[in-house]
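pasting the sequence and the predicted coordinates here, then a few questions.
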Protein chains: 2
Amino acid sequence: MARKRDAAKGNTPPRMPNIYDVAREAKVSVFTVSSVINSNGQVSAVSRRRVQAAIEKLNYRPNLLARSLAKRQTFTIGIVVPDISNPFFPQVVRGAEDVLQKAGYSALLCNSDDQEQKEEHYLDFLMSRRVDGILLAKTPARMSPAVRQRLLDSRIPIVLLMRSAGDFLADAVMTDDGGGAFEAVSHMASLGYKSIAFVSGPLEVSNATERRDGYLRALKAYRLTANPKLMYEGDYRMDSGYRAGLTLLPRRPEAVFIANYMMMIGFMKSAEEMGLHCPEDFGVVSFDDYPWLGFFRPRMTTVELPKYELGSAGAQLLLDRIAGNRQKPTLLMLPTQLRVRESCGFPQRTRRSRPHEAADGTRR
Amino acid sequence: MARKRDAAKGNTPPRMPNIYDVAREAKVSVFTVSSVINSNGQVSAVSRRRVQAAIEKLNYRPNLLARSLAKRQTFTIGIVVPDISNPFFPQVVRGAEDVLQKAGYSALLCNSDDQEQKEEHYLDFLMSRRVDGILLAKTPARMSPAVRQRLLDSRIPIVLLMRSAGDFLADAVMTDDGGGAFEAVSHMASLGYKSIAFVSGPLEVSNATERRDGYLRALKAYRLTANPKLMYEGDYRMDSGYRAGLTLLPRRPEAVFIANYMMMIGFMKSAEEMGLHCPEDFGVVSFDDYPWLGFFRPRMTTVELPKYELGSAGAQLLLDRIAGNRQKPTLLMLPTQLRVRESCGFPQRTRRSRPHEAADGTRR
DNA sequence: TTGTAGGCGTTATCAA
DNA sequence: TTGATAACGCCTACAA
């Protein structure tokens, strides 16, 4: 069947050259052109040269869309995060993009805003785009059965980021939030704080409950009683941290553990407005570290989450799964790291009120 | 010509249903199915119902790849930024993504790392992907003639972000960096600082030279002489800010204007290590504002850049261009905003050394 | 080694 | 209102 492409009436916009144009120019078949493009098969040196010359002359670039359609592989993966402008995610995305790019994949970025509806919309969209895999970061825990079923049917590999598998069978990579929270709160307790408030994330999100559990475990380990009056459930956003400060600070806790960075910022803002200072008036340890937290006052004591590794490990897991080098679902647990600086009141407290502890000098 | 698709020997992986499957199931033609999917044309109610039932039953989702190929439109735009993990860009990307998503477009994210080679690789890649448009953020000023020509040939609309058009004809949206720098340095000069150091970005980047020009203009306006010993060319990265501090601070400038956020962080780190404090030992104004800069000490005086608007305006410009609602290249200039806080030494200096100025109370 | 032609899943033209 | 079928641009048996 002869192609009719050239019979175009001429009123269509100028098309880009395709493989047929190259073949004609080089006086070979499309097969030969395709072969040199993909450097498979044995193509005679003469043909190869002619094809290359034609490609050069026409400035030909293969249409990846058509290739994907034919090969049923798009070399694209979808990354859905709640909000790329939340400082937690850029590093995650960068980690992912680095390993994807190295493997010849590229990333479609989606912001779910933690809304189930948006998330599902994007998931459907990504399936329609026939992405080869999906990296799905923290969002509301549940997913409608319909979407889940479609996901399963599509057989598109998914790896979950910062979100427990729950009832959904998939690979996942998480950070050890429970352990990190335990370590953070233990540190505060060991400093002698008796009343330690807690600003948590939304408790329907798995990592928020893990951080809370870590908090509670640490209290128990230090024989402190959990006081509901000192616990505030936020939503990981700045504004909820601000409200948490307004609610909690008047109750004058000696210290507070804040479950993420954005809420910590909001919390500090409320303290500022109330004329309260850290660490003189209250100690703070928060989750998630950033370079600048070490250079401004108060220098924040935080639990660092390995953001870049989260993304890169997730992407690697996904690529492995796509390649089929993996059998049962894998769950990767990345360690956190307590970074003791000053907001927890460490130097002061240990020097002033608990000199016997200052002796060991462990600042981890 | 009858499709042979069903003659598959059965060893192929389970395919997703296509439009033919739906047509067969509904006992109509593919045209009818296509019509109801795209809700064009007049399809009889009966046909429509049957098609919808079939779609439901088969859980059919159109293959966007095939659609794009046929329509020669991908509803995808490429966003290339130097590095998404640089806190400047997430907001830009978010702004863009919001307007794109609303218009039914999605975004392919690329990190150029400010490397010409990577940028060109991505540009070629995006062209091969047949994206409908490209958002190209700050990167090395030049572009090889070959790539530029290919870009022109491809007729893919491009809008430049934070980068002057230069010799490349395209729409662009920028921030008024020169004006912002002028305002910042003028503020310092009006505070009485005589020796104002400057940490600039890489001077081959247009917005870095604009910030420098603003700095120089302000010095001139206040009859201060520019001292090369107090000017340091960095690369917008944290480490170069650190080195700038190591170089500049021993020369004890009264104040310093730092051309971006990351370098400011590095600079503060070096000051910290040298035991110098801001604003007691030196005043600082830096470019680019973030929420947390208002809650930590020193509270930073900064020039805010409208990041989100940069992205959203850029995306809107691009969509307009794609739609063809625009003739000649447009350059949008977004205003910056000086946010006076404490790192510039404003309250102290005005109160202590220049009381007559404190009277007017303008904190803009 | 190279050519031919069918298939990937849509859209769109043109008859009927 | 519908159906048949040629594009869209690529890959890839199968043949030559």
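That came in fine, so what should we check first?

A:Arg243: which element?
Assigned by DSSP states H and E, A:Arg243 belongs to helix A:238-248.

what sits up against that helix?
A:197, A:199, A:230, A:232, A:234, A:256, A:258, A:262-271, A:274, B:291 (C-beta atoms under 8 Å, 6 or more residues apart in numbering or on different chains). For every residue, glycine as well, the C-beta is placed using N, CA and C.

what's downstream of that helix, the next helix or strand?
Downstream of helix A:238-248, the next assigned helix or strand under DSSP H and E is strand A:255-258.

tell me the strands beside that next one, with direction?
strand A:196-200 (parallel), strand A:283-287 (parallel) (DSSP bridges).

JSON lines please, covering those and showing mean neighbour count.
Converted to JSON lines, these look like this (neighbours: other C-beta atoms under 10 Å in any protein chain shown):
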{"stretch": "strand A:196-200", "mean neighbour count": "27"}
{"stretch": "strand A:283-287", "mean neighbour count": "27"}
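
quick one: these as a markdown table, columns for distance to A:Pro250 and mean pLDDT too.
A markdown table is the format used below for the strands paired with strand A:255-258 (distance: least, C-beta to C-beta, whole Å; pLDDT from 0 to 100):
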| stretch | distance to A:Pro250 | mean pLDDT |
| --- | --- | --- |
| strand A:196-200 | 11 | 98 |
| strand A:283-287 | 16 | 97 |
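
reformat the ones you listed as a markdown table; add distance to A:Leu64.
Shown next, in a markdown table, are those (distance: least, C-beta to C-beta, whole Å):
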| stretch | distance to A:Leu64 |
| --- | --- |
| strand A:196-200 | 45 |
| strand A:283-287 | 40 |
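
where in the stretch 151-300 of chain A is pLDDT low?
A:165-167 (pLDDT under 70).

what are the ranges of the strands in it?
Ranges of strands within the stretch 151-300 of chain A are A:158-161, A:171-175, A:196-200, A:231-233, A:255-258, A:283-287, based on DSSP state E, counting those that start in this stretch.

how about the helix or strand hosting A:Met333: buried residues?
Per DSSP H and E: A:Met333 is located in strand A:331-334. Residues of strand A:331-334 classed as buried by neighbour count (16 or more other C-beta atoms under 10 Å in any protein chain shown): A:332, A:334.

ok, and what's touching the very next helix or strand once past it?
Under the assignment DSSP H and E, the closest C-terminal helix or strand after strand A:331-334 is strand A:337-339. Applying C-beta under 8 Å, 6+ apart, the contact partners of strand A:337-339 are A:180, A:183-184, A:187, A:285, A:289, A:294, A:301-304, A:306, A:364.

closest to DNA strand D out of those residues?
A:Pro306 (37.8 Å; C-beta to the nearest atom of the strand).

ramachandran angles for the closest one?
In terms of degrees, to the nearest 10, the main-chain angles of A:Pro306 are phi -80, psi 80.

which stretches of chain A form helices?
With helices called from DSSP state H, chain A shows them at A:19-26, A:30-37, A:45-58, A:64-71, A:88-102, A:116-128, A:145-154, A:177-190, A:206-221, A:238-248, A:261-274, A:307-323, A:346-352, A:355-358.

could those helices go into CSV alongside mean neighbour count and distance to B:Ala103?
Shown next, in CSV, are the helices of chain A (neighbours: other C-beta atoms under 10 Å in any protein chain shown; distance: least, C-beta to C-beta, whole Å):
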stretch, mean neighbour count, distance to B:Ala103
helix A:19-26, 19, 32
helix A:30-37, 18, 34
helix A:45-58, 15, 33
helix A:64-71, 17, 20
helix A:88-102, 22, 22
helix A:116-128, 19, 14
helix A:145-154, 15, 24
helix A:177-190, 23, 37
helix A:206-221, 20, 33
helix A:238-248, 21, 28
helix A:261-274, 22, 29
helix A:307-323, 22, 28
helix A:346-352, 16, 51
helix A:355-358, 12, 60
